[in-house]
Structures are given as structure tokens and as C-alpha cells.
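[1] Show me the folded form of this:
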Amino acid sequence: MSAQTIKFYQTGTFTVGNRLLAPEQRSVQASLERSNAINSGHRACQGCGEALGARYAVDAAMRATQRQLIAANATGCLEVFSTPYPETSWQLPWIHSLFGNTAAVATGIAAANRVKGRSAVRVIAQGGDGGTTDIGFGCLSGMFERNDDVLYICYDNEAYMNTGVQRSSATPAAARTATTPAVGAQPGNRFGQGKNLPRIAMAHGIPYVATATVADLHDLEAKVARAMSLHGARYLHVLVPCPLGWGSASHDTIRLARLAQQSGLFPVFEATHGEVTAVAKIRRRVPVEEYLKPQKRFGHLFAPQRRDEVIARIQAMADRHIREYGLLDPVTETEAV
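    Model (predicted):
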């Protein structure tokens, strides 16, 4: 009987497929030698995209640096659920900064290492969208402008989730938050506001900018490894759905991250020195409605009456992203949306 090749489609952290893949194709998490940089016992919510993204990102950075890594962390969900005093889930040198100065603290750590001649020790900074796009924006821009040797990772759950789901400048249009309620003629967050941090980072001309989602953890690990192979200021923006703030089921975290990318609302790409160098193509294009419906923060767009004009405006935003970044191959473009 001849041997039959079996293709394993499921190759996540705890699946058999990981250990049947070639070594270079396995995730960092598949290795028994992974660092477990953020250990079990933390207090993240069930289905937390940020906890998942941080574990994969920091473990990948630890492997890329042979565990010679120091992390600075802004105030926010990641800091709160991982370090309730006097406990910690972190298994590396880790510093809690203020809400808005994480980039400055990380810059100081990198400068101290340089003065001490510790060139092998690398530095990452971590923050949520509030601590990155709002409160920490000035320090982050300074880090970019000086080209400090720090990888800054933003875990974007699109609001201030730790303090009660208030709007940030990364909150999407029409989304309901505690400060953008679903009332009035234009319920939810207004259109035309906010900041596109990856594009702002690119405008600084830094060596590396990338976006990723927790729907493709191999891609996230690869981008962290690539970033750690470079020196200078680097920025990684990771979409991490929040079941509590988004009003979604905890088991839908990966699905929603995937739908954000497949709809075109969240382009996944890489850029070097201000120019886009690679994009993740959309394999199966979906309408934005498929992404919006599972989230209660967009529930007012569908009940008590549908707001087709608002949904159409969100679809137009996704369509613009698809054109700008070239997210569809010609064959895919013929598929109906």
C-alpha cells in the first residue's frame, strides 16, 4: 500500500498539526523551549485578544533575542490583568510606566544599555490604543523622530477597555462606547475622526512598520522576528478584539480578527522607511456587515431599524482600503461582495 500524504489544516498552539509540520513552519508556541514570557494565572477576560497577541509577540521577541529582552509596559488592560500587586505573570525584566510615557521609558532603557555596552540586550515597549494613539502619542512620535532602538507594539482593541470602554482615537466610526452612545441622529462614534497610527509611523520614515491580527499568529510571530532583526525605531500594530468592549462572544475573537482583515477594514501590511513593501491579500472577501453583526457595539445599525446608509459608508471605507493597498488579486476582485 502506497503512502498517502495528509494535509493538516489546523496548526494552532495545541493541535497535532504543529508537531507534524517542518520545524521552520512551526509556531514559537509549538516548541517545548518557548519562553512563556507571560505565564498562566493572569486575570484577562475569557477570549481576550490582547492576552493572546502579547503572548505570541513577546515569546517571538524572546526567541529572536535569545531571551536578552526588556519590556516597558503602559498602564492599561495588559498591565492590569498581568500584574495585580504583588503578583506578576511576566517571566522577563518588565517595567510598568505611566499611561503616556512608555516610549520614553523604553528609550531610556535602550540608552542605558548602550552606555553600559550591553548591545545584546534589546527593548520592546507595549501599550494599548489609548496609551499609544492618545496619551502616549507625543512620546511615541519623539521615539520615531530620534530613531531610537525600540520595537513598540500597540495592541489595538479600539477603545479604553480597562477604564470602562471609552472612545479612543482608534475607535471605529459608528461604534458605540461609553462616551459615544448609540443615541441621536448620528449614533455611535462620528465619521472622519481618529488616527491611523501605522500611516503616521510611516510618515516618520522609520525602518519598519507592520500591522497584524491575532487571526494569523504565524504572521505575527514572523513580523516580530523581522522587527527584532533590525535596529532603530520599529512599530507593530496588532488588532486584538475585546469581547467585553465589543459585545462579542468570547469564542469569536479569532473569527472577528479574520473578518476585519477579509472585509478590508483592517489592512495587514509591512512597510520599510515609509513605503509599503508587502500586503496580506484577501483570500475570501466578505461584506463589512458580516464583521459588524456579531458585535453589540454596532447593534444599533441593525435594530430597531437598519441604518443602511451608515453600513454603506463603512463599506466604502473598506473598499477604499482595498484599492489603496491592493488587497485583492484580479481573480478575487470578480467575486461578489
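[2] any idea where the helices of this protein begin and end?
    Per DSSP state H, the chain carries helices over the ranges 17-20, 49-64, 77-82, 102-115, 129, 137-146, 197-203, 217-228, 243-246, 253-263, 288-292, 308-325, 330-333.
[3] what residues are up against the most centrally placed residue in the chain?
    Nearest to the mean C-alpha position of the chain, by C-alpha atoms, centre = their mean, lies residue 238 at 1.1 Å. Going by C-beta atoms under 8 Å, 6 or more residues apart in numbering, residue 238 touches 53, 57, 153, 154, 155, 156, 211, 212, 213, 214, 220. Every residue, glycine included, has its C-beta placed from N, CA and C.
[4] Okay, and which of these map to strands?
    When the contacts of residue 238 are checked against strands (DSSP state E), the matches are 153, 154, 155, 156, 211, 212, 213.
[5] was I right about the fourth one contacting residue 236?
    No. In terms of C-beta atoms under 8 Å, residue 156 does not count as a neighbour of residue 236; the distance is 10.4 Å.
[6] Distance check, the closest residue to residue 223 other than its chain neighbours against residue 243.
    The shortest distance from residue 223 to any non-neighbouring residue, by C-beta to C-beta, 6 or more residues apart in numbering, is to residue 210 (4.6 Å). To residue 243, residue 210 is 25 Å away according to C-beta to C-beta, to the nearest Å.
[7] which of the two has more neighbours?
    residue 210 (25 against 22; other C-beta atoms under 10 Å).
[8] ok, that one touching residue 225?
    No. Using C-beta under 8 Å, residue 210 makes no contact with residue 225, being 11.2 Å away.
[9] Hmm, residue 253 and residue 49 touching each other?
    Yes. Taking contacts as C-beta under 8 Å, residue 49 lies within contact range of residue 253: 4.9 Å.
[10] joint contacts of those two?
    Common contact partners of residue 49 and residue 253 (C-beta under 8 Å, 6+ apart): 214, 241.
[11] Could you tell me how far the residue nearest to the centre of the chain is located from residue 214?
    Relative to residue 214, and taking C-beta to C-beta, residue 238 is found at 7 Å.
[12] Residue 271 too?
    20 Å.
[13] more crowded one of the two?
    residue 214 (27 against 22).
[14] got a list of what the closest residue to residue 76 other than its chain neighbours touches?
    Once flanking residues are discounted, residue 76 sits nearest to residue 128: 4.0 Å by C-beta to C-beta, 6+ apart. Residues in contact with residue 128 (C-beta under 8 Å, 6+ apart) are 50, 74, 76, 77, 78, 154, 155, 156, 157, 160, 161, 162.
[15] Return the member of those residues nearest to residue 231.
    Closest approach to residue 231 among these (C-beta to C-beta): residue 154, at 19.9 Å.
[16] gap between stretch 100-113 and the chain center?
    21 Å (C-alpha atoms, centre = their mean, to the nearest Å).
[17] Dump the C-alpha coordinates for that stretch into PDB.
    C-alpha atoms of stretch 100-113 as PDB (Å, rounded to 0.1, in the frame of the first residue of the first chain):
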ATOM      1  CA  GLY A 100       1.600  58.100  28.400                       C
ATOM      2  CA  ASN A 101       5.400  57.700  28.600                       C
ATOM      3  CA  THR A 102       6.000  54.100  27.600                       C
ATOM      4  CA  ALA A 103       8.000  55.000  24.500                       C
ATOM      5  CA  ALA A 104      10.100  57.500  26.600                       C
ATOM      6  CA  VAL A 105      10.800  54.900  29.300                       C
ATOM      7  CA  ALA A 106      11.800  52.300  26.700                       C
ATOM      8  CA  THR A 107      14.100  54.800  25.000                       C
ATOM      9  CA  GLY A 108      15.800  55.400  28.400                       C
ATOM     10  CA  ILE A 109      16.300  51.700  28.900                       C
ATOM     11  CA  ALA A 110      17.800  51.400  25.400                       C
ATOM     12  CA  ALA A 111      20.100  54.400  26.100                       C
ATOM     13  CA  ALA A 112      21.300  52.900  29.400                       C
ATOM     14  CA  ASN A 113      22.100  49.600  27.700                       C
END
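[18] Now do the buried residues in it.
    Buried residues in stretch 100-113, defined by neighbour count with 16 or more other C-beta atoms under 10 Å: 100, 101, 102, 103, 104, 105, 106, 107, 108, 109, 110, 113.
[19] TSV please, covering those and showing pLDDT and distance to residue 198.
    Shown next, in TSV, are the buried residues of stretch 100-113 (pLDDT from 0 to 100; distance: C-beta to C-beta, whole Å):
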residue	pLDDT	distance to residue 198
100	94	20
101	96	21
102	97	17
103	98	15
104	98	21
105	98	22
106	98	19
107	98	20
108	98	25
109	98	24
110	98	22
113	97	27
